[in-house]
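quick one: sequence plus predicted model below, questions after.
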Amino acid sequence: MGLRINQTGFSLLETILTTCLLSLIMAVVGYEVHRLIPKYRLNGAVQSIVSDFHLARMKAIGQNCYFRIQIFPGQNYYLLERESSVGSSRWPGVQEGNLRNFSGPDSPYYYPGVYVESSSNNPVFSPRGTVVGTTVILKNSSGQKRISLSSLGRVKVHEG
């Protein structure tokens, strides 16, 4: 009777080949994910501004006063403010909430590398919900997005 050897497990060659293949797959996936991060940051910043446009419009209607989004082109932040109740001029107003800072690590609006390239004006929302139309362009290393705000408060986002 011959001695029967029970072979279980993987050989050294099989283990090395599997490790090499998994390393190659992880390198390709890691590179692709790293390349997509700027795109997701730009999309997040766009959604922040769009939601603040809607917020300013709702606050203007709900509180029956003017609200403005003050945008700083060439920078990486903007702010929401309510009209001033003191003096003859509405602006500068009272800041509502936090400064929307894309580069502040402690800010909930943290999107590093994103900045406001241009803005046609600072939109002022009336108590009736109307606004002077504006266009804001956000940019980072993945490209740029153009946000258009119509006089009725409708928002559209365009690539490039």
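Sure thing, it's come through.

by contact count, what packs against the helix or strand that contains D52?
Assigned by DSSP states H and E, D52 belongs to helix 12-63. With contacts defined as 3 or more Cβ pairs under 8 Å, 6 or more residues apart in numbering; DSSP states H and E, the packing partners of helix 12-63 are strand 67-71, strand 77-82, strand 94-101, strand 124-125, strand 134-140, strand 143-149, strand 155-159. The C-beta positions use only the backbone N, C-alpha and C, and glycine is treated the same way.

just want the angle from it to strand 94-101.
160 degrees (axes from the mean of the first three to the mean of the last three Cα atoms, to 10 degrees).

per-residue confidence averaged over stretch 145-154?
The average pLDDT for stretch 145-154 rounds to 93.

burial measure for N43, as a count.
A count of nearby residues for N43, using other Cβ atoms under 10 Å, gives 16.

can you give me the distance of it to I37?
11 Å (Cβ to Cβ, to the nearest Å).

and for L80?
Distance of L80 to I37, given as Cβ to Cβ: 27 Å.

more neighbours: which of the two?
L80 (21 against 13).

check the more buried one and give its pLDDT.
Per-residue pLDDT puts L80 at 95.

so it touches Q95, yeah?
Yes: taking Cβ atoms under 8 Å as the definition, L80 is a contact partner of Q95 at 7.2 Å.

for the most centrally placed residue in the chain, what are its contacts?
By Cα atoms, centre = their mean, the chain has its centre lying nearest to A45, at 1.6 Å. Neighbour list for A45: F102, Y109, Y111, V114, L138, N140 [criterion: Cβ atoms under 8 Å, 6 or more residues apart in numbering].

tell me the confidence at it?
Model confidence at A45, given as pLDDT, is 94.

could you do V94 as well?
90.

how about R4?
For R4, pLDDT reads 68.

for Q7, same thing?
Reported pLDDT for Q7: 69.
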